[in-house]
Structure formats: C-alpha cells, structure tokens
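In: What follows is a predicted structure for the sequence shown.
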Amino acid sequence: MWRAPRRTWTGLLGLCVLCCCLVAPTKAQQPDTTSLASFAALNNIPEALLAEVLGDPATINKILQRELAKGPALLRNLNVSFKTFKAADTDSITGLGLAYSFARNITDNQFSSKGATQAGFSLSLQAQGDVAFERALNPNDFLDAGLRIHAYRSAGGAVLVTDSVATLLNELETQQALIEDPEELASSPFAARFTRIVRDNLTPQLYTEAALSAHIESDQRFDQTQYVYGVHLGVDFKPWNAGYWNLADWPFAVLRWLTGYDRALAPTGATFPTLLVGVQLVDPQGVTLRESLGETAPYPRFSTEIGFKTRAAPDLSFLANFRYYREIDAPASIRAADLAEQLYFTAALVTSTGLFASYTVGKLPFDRMSDQVYALGFKFGF
C-alpha cells in the first residue's frame, strides 16, 4: 500500500568556516515526511521511471546520486565519449579521441537522518579529462583526478500528497503492476501520469556541501603536472515543481512544448544549475609557460564551476558546463602573458542512444590561447 511520505590563508580558513556552517545541521524543525528514496522503495519504482520522475537531472547531491545509481558498482558513474573533433582555426585537420568522467564514493557515512533531511561525510574518487589519439591535435589537453572529503546536508525532496492523490497513485500503481516489460512500462500512459503527479508533489530540495580536496592536474602525457590542494563549497537547489525562475531552462521549455514532450509551457525545477566555488593552492611541476616566466612557486587560485542539464525534446538532452580559474594576486609577468585566468565553456546535445554533438570554447589551465572546438561522437554511460 502506498504511503505519503578561501592572497591569504585567512581567506581560505574563512571559506572553510562558511562551508561548515552551511552544511551543519540546523535546529529548525523539518517535516517528518517520506523521503523520495523510501517512497521509491515502498512502491518498487524502476530506476528508469525514477529518473523520469526526477527529470534525470545534473546533480552534485549525493542523496540523489544514490537514488539514481544504476549499473555494476565498479563502473557506476563512469562515462566515456568517443569522438571526432575539429578546432575552428584549422582548415582540414580532424582529430580522434575520447573524453571520460568518473566519480565514486569510497565511503559514505550518514550521521543524521530525519525524514527527508540527511547529513553525512563521504570520501570520493573523481577523474575527468580529454585524450586524443594524436596528442598534438588535442585542443583540450587537460586531465584532473583526485580525492575529496565531503561534509554534506540535503533537506527536502519529500513526497507530500493528500489522501485523494494517494488513492489515485495507488490506482495508477495497480495498473503499472500489470505491465511486465520495463520498456512498455516506461512508455505507458499510467507511468507518465504517475511520474507527473509524484514530481508535482515533491518538496523543494536544497543540498550543500563543503569539501577538502587533493588533486593532480596534467596534460595527457603527464609532461606538465600540478598538485592542487583546496576547499570548495557546493550548492544544488531543486525546487522540482516550481521552476518558473529557472531562466536557463525557458528556451528548452519552449522546445519541449512545441515537440509535445511537455503539455505545459513551463521550465522545470529539476534543472536548476549546480554550483561549485573553491580556493586552491596550486604547486606547478614542469608547467612550460610558467617556467618560461620564472614563476614556479606555488600560488593560490580561485575557481568556480556551473553545471546544467535539461531535456530539449523527446530523446534529446542539452548539457552545459562552465569553468572559471583565476590566480589570486597574480604577478605582473603572469598577467602580461594572459595566464592569470582561464574561462572554459562547453555545450552538447545528446540523444537517448548516446549520439552527441558538442561545441567548446575557451582555455584550460595549461593553455596559452583560447580554442573553439566542434565534436561529434558517441557517449557510453555505465
């Protein structure tokens, strides 16, 4: 039966304190409701259907990541994209290569769980990068891998419904139970209505995290490397059924409405961008551009990253990622060489079968000049 359910170390210390305050459990009374994870377990919601309920969002929320996790544990959250790419400033040279991303919790321990409010610590391994089969053609020659210790808190994302809606969900659940084929279930009108009702009754969800990290950044042959130690704050807000202020999703809301994917012309709260802000100490090792200027000492760096993902049309998703790096109190020689900051933006259209087309502009920490790169390929998710 369904049941309702960061020039100084002082700045770095200050950021740590702020982060810890944000993720620390508050004394405010939280509603004792059924969390989405409990709801899914009680109603035996298939993973594909749960992803549909949530809008298959881009998220840093470890609670949501667990609920959306699928596939073998060893390969979970591994994505590999094989692609052919071409820089805009070249006439005919096309490269082949792959991009990868991987994130896995080594340990995840919750110290507080009440209803839909959960808090904990985790240790995670993360890696991402681009590799070209012919290195000289790689416009995004940058690899990043390391460990992070997170303290996190997630509040909200509970299922709250009236008795009449609960009765309707029970009826829809009964109809879905008669469908044994997972693909038929995912495309059935009962699943579509069930998904819409559950999503409309999800409470807003706010996730915050503070993390200490130790990373290594390099080019694909490890000729240039730098060790990076830092702290960051992450925020992921999902209002779920109240997305009118989600300005980034409005163009795609129009596309969804025109193609018939959505009946209502409105953005979705599931696609609110995620935000990471951090301060790091960077220790360069053999970085050619800095060595040529005699700047080889460790330096502080500010960084931010914004992620966005939404449905553009049936079987088509749009993904975007923006990264910004700035050396704090950079020497005059670094500023004159235009090495003090890097901006990087990438956008992609991805089909449900994994085919994708992407556009990338900007530069990464080892780059001297900005590039514009077009790519086509196939993405594998495990």
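Out: In hand now; what should we look at?
In: Farthest from the middle of this protein: give me that residue.
Out: Each residue of the chain has a distance to the centre, and by Cα atoms, centre = their mean the biggest one is for Gly294: 36.6 Å.
In: and the residue lying closest to it once chain neighbours are set aside, what element?
Out: Excluding the flanking residues, the one nearest Gly294 by Cβ to Cβ, 6 or more residues apart in numbering is Ser333, at 7.5 Å. All C-beta spots, glycine's among them, are computed from the backbone N, C-alpha and C. Here Ser333 sits within helix 332-336, counting by DSSP states H and E.
In: Enumerate every residue touching the residue nearest to Asn61 when sequence neighbours are not counted.
Out: Distances taken as Cβ to Cβ, 6+ apart put Tyr207 closest to Asn61, at 4.0 Å, once the chain neighbours are dropped. Listed by Cβ atoms under 8 Å, 6 or more residues apart in numbering, the contact set of Tyr207 reads 59-64, 152-155, 234-238.
In: Please identify which helix or strand holds Tyr207.
Out: According to DSSP H and E, Tyr207 maps onto strand 205-218.
In: and that strand, which strands flank it?
Out: Sheet partners assigned to strand 205-218 using DSSP bridges are listed as strand 143-156 (antiparallel), strand 225-238 (antiparallel).
In: mind exporting it as CSV, just the C-alpha atoms?
Out: Output of strand 205-218 as CSV, limited to C-alpha atoms (Å, rounded to 0.1, in the frame of the first residue of the first chain):
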residue,chain,number,x,y,z
GLN,A,205,15.3,20.2,-2.1
LEU,A,206,18.5,22.1,-1.0
TYR,A,207,21.8,20.3,-0.9
THR,A,208,25.0,22.0,0.4
GLU,A,209,28.4,20.5,0.8
ALA,A,210,31.9,21.5,1.9
ALA,A,211,34.9,19.5,0.8
LEU,A,212,38.7,19.3,1.2
SER,A,213,40.5,18.0,-1.9
ALA,A,214,43.8,16.8,-3.2
HIS,A,215,44.1,16.6,-7.0
ILE,A,216,46.6,16.3,-9.7
GLU,A,217,46.2,18.2,-13.0
SER,A,218,48.2,17.2,-16.0
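In: pLDDT below threshold where in this protein?
Out: 1-58, 63-76, 89-93, 161, 173, 176-188, 190-192, 381-382 (pLDDT under 70).
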